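# Take this sequence and fold it.
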Amino acid sequence: MRIGEHCEYTLIERKLKTENLNGCHLYVTLEPCIDKVRTKPKKGCATHIFKARLGKVFIGIRDPDIDIENQGANELIAKGIHVEDFHPEVADKIRESLAEFIKYKEAQKLIIKQKREAQPVPYLKQAVANTTVSLFSKSAVDEFIKNAQATFTYPSQDFNDWALSFELATKEGDNIVPTKLGLMLFGEHADDTLSHTIFKVELDYGDGKTEIEDFGGPVSTQLPRVLKFIKDKGLKLTIDRSKAKRKTVTDFPIEILREVLANAIIHRDYSIIQATNYIYIGPEKIIVRSPGMPMPPLTIDDIRTMDLPSVSRNPKIMYVYNRMGFAEQRGIGLRNMKQLPQSGFPLPTFNIKGNILEIVFARDASLIPELKGVNTKGFTQEDRDGLFFIQQNEPVAVKDYAKHFNLAEKTAQRRIGVLFEKGLLEKEGDNRWVKYRIKQ
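Below you'll find the model as predicted:
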């Protein structure tokens, strides 16, 4: 047997590789290990036993390792393999022969237990009391299985095993209990227990009429539900009366909102239970709020560049959304916002309010100063047009500004000066090479 190989692997995969072991019995002095304690791509002995279709396994003693004890035997039983322990007298002799090994494992177990008890369980890994994986939405899980091309079904033991390995569930005694991550992603009524997972939508139709809708249920299917509601109602606010027939027009890029909403769901801080994701859509502005400060070392100024590395606060939620085709994993969505001016819309502004990240979009280029929180008294339409031109083409030199608006360079310099004095622009370069861009 090679160093690092376990006896079950050596026997099944090397010595008896060409033999039909279907229904055979196996005798082992120590409980077979499981996948999670082996370094990938290695598999646990319980997996090799199952794949060989052995019918019965006799176990000398249970493994004293804290991450294996009873789990190897339970995994075999769950997969339909009969398990039987050695007679107590034989088991005692095995313990005597493995006394040093058992002593080491017991000491290791005590240290590990003390460390684990001293460390708080991360929010998403916490078990949700009085729940079971049977509370998962079958339609939501089936949608994930289909898109992820998974080989298991729900409900099934294979699904439970995957849920445990993916931290959607945890073991409490002999029971499999959903974690907060599992319940929020797939819980049929997740918001009954985790009310802060709701996505709140507020539509302001600009005529004194508003509509409010809360989207709860499985977070894994939240994006398409919110998006459909917004697409059907929230973006169709502009009525074109230039022709005899009234026409409803969608006037904001749905692709941008899709990415912003996906980011809000995937990257928010779910340990902040006092706030929910929120989107407001009105005639002039679209506001998206998501709980959570930028992840260190990122700052709000980094976010304002709209050119971030692919870093996720919640990589498992990102994985689920990516496999379901709802999100990219490379930060493409945020970078796409830079293209808004090419569609006739200003770039958004990013703010931190308390522990909430707020993104504000204008539905009209004339609203750029308001988005920046600037006193617009005395602002002319020329100022607004100039600001939008700079945002579309930054960095902009005075001569470029003058050429675009057919102005003398002195007039162009004066107009740019007004915007600069208002704190809307910043300079780059020196003297005759000075150019201006929107100040973040």
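
# wait, residue 221 sits on residue 140?
Yes - contact criterion Cβ atoms under 8 Å: residue 221 and residue 140 qualify, at 5.1 Å. Glycine gets a C-beta too; all of them are placed from N, C-alpha and C.

# And these two? Which one has more around it.
Between residue 221 and residue 140, counting by other Cβ atoms under 10 Å, residue 140 is the more crowded of the two (23 against 19).

# Now stretch 25-41: average pLDDT?
For stretch 25-41, mean pLDDT rounds to 91.

# could you dump that stretch to PDB, C-alpha only?
Taking Å, rounded to 0.1, in the frame of the first residue of the first chain, the C-alpha atoms of stretch 25-41 are listed here in PDB:
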ATOM      1  CA  HIS A  25     -18.800  -8.400   2.400                       C
ATOM      2  CA  LEU A  26     -16.000  -6.200   3.700                       C
ATOM      3  CA  TYR A  27     -14.300  -6.400   7.100                       C
ATOM      4  CA  VAL A  28     -12.500  -3.300   8.400                       C
ATOM      5  CA  THR A  29     -10.900  -2.600  11.700                       C
ATOM      6  CA  LEU A  30     -11.600   1.200  11.500                       C
ATOM      7  CA  GLU A  31     -14.700   2.900  10.200                       C
ATOM      8  CA  PRO A  32     -14.400   4.000   6.500                       C
ATOM      9  CA  CYS A  33     -13.700   7.700   6.000                       C
ATOM     10  CA  ILE A  34     -15.800  10.100   4.000                       C
ATOM     11  CA  ASP A  35     -15.100  12.500   1.100                       C
ATOM     12  CA  LYS A  36     -14.900  15.700   3.100                       C
ATOM     13  CA  VAL A  37     -11.800  14.600   5.000                       C
ATOM     14  CA  ARG A  38      -9.900  13.700   1.800                       C
ATOM     15  CA  THR A  39      -8.000  16.100  -0.300                       C
ATOM     16  CA  LYS A  40      -9.500  16.500  -3.700                       C
ATOM     17  CA  PRO A  41      -9.600  14.700  -6.100                       C
END
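
# For residue 141, give me phi and psi.
Main-chain torsions, residue 141, degrees, to the nearest 10: phi -60, psi -40.

# Identify the residue nearest it in space, chain neighbours excluded?
residue 154 (4.3 Å; Cβ to Cβ, 6 or more residues apart in numbering).

# In this structure that neighbour contacts residue 138, no?
Yes - with contacts counted by Cβ under 8 Å, residue 154 reaches residue 138, the gap being 6.2 Å.

# In terms of neighbours, single out the busier of the two.
residue 154 (21 against 13).

# and the more buried one, what pLDDT?
Reported pLDDT for residue 154: 96.

# what do you get for residue 310?
Reported pLDDT at residue 310 in the predicted model: 59.

# How are the strands of the stretch 201-350 of the chain distributed by residue range?
Applying DSSP state E, counting those that start in this stretch to the stretch 201-350 of the chain gives strands spanning 210-215, 238-240, 247-249, 277-281, 285-291, 349-353.

# can I get these in JSON lines with mean neighbour count?
Written out in JSON lines, the entries for these read as follows (neighbours: other Cβ atoms under 10 Å):
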{"stretch": "strand 210-215", "mean neighbour count": "13"}
{"stretch": "strand 238-240", "mean neighbour count": "11"}
{"stretch": "strand 247-249", "mean neighbour count": "11"}
{"stretch": "strand 277-281", "mean neighbour count": "21"}
{"stretch": "strand 285-291", "mean neighbour count": "20"}
{"stretch": "strand 349-353", "mean neighbour count": "15"}
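
# how close does the residue of the chain most remote from its centre sit to residue 218?
For the chain, the largest distance from the centre (Cα atoms, centre = their mean) belongs to residue 89, which lies 52.4 Å off. For residue 89, the distance to residue 218 under the criterion Cβ to Cβ, to the nearest Å works out to 53 Å.

# And for residue 280?
Applying Cβ to Cβ to residue 280 and residue 218 gives a distance of 24 Å.

# now residue 345
Between residue 345 and residue 218 the distance is 32 Å, computed by Cβ to Cβ.

# For residue 3, report the pLDDT, please.
60.

# I should have written residue 247 there, sorry.
On the pLDDT scale, residue 247 is placed at 43.

# so what's the backbone phi/psi at residue 133?
Dihedral angles for residue 133 - degrees, to the nearest 10 - are phi -70, psi -10.

# I'd say it and residue 171 touch.
No - between residue 133 and residue 171 there is no contact under Cβ under 8 Å: 11.5 Å.

# more neighbours, the two?
Looking at residue 133 and residue 171 with other Cβ under 10 Å, you find the greater number of neighbours at residue 133, namely 22 against 14.

# got a list of what the more buried one touches?
155, 159, 160, 163, 168, 169, 176, 177, 178, 182 (Cβ atoms under 8 Å, 6 or more residues apart in numbering).

# Now intersect the residues you listed with the helices, please.
Counted as lying in helices by DSSP state H, out of these, are 159, 160, 163, 182.

# From the structure, what's the count of residues near the second one?
So the one you mean is residue 160. Using other Cβ under 10 Å, residue 160 has 18 other residues around it.
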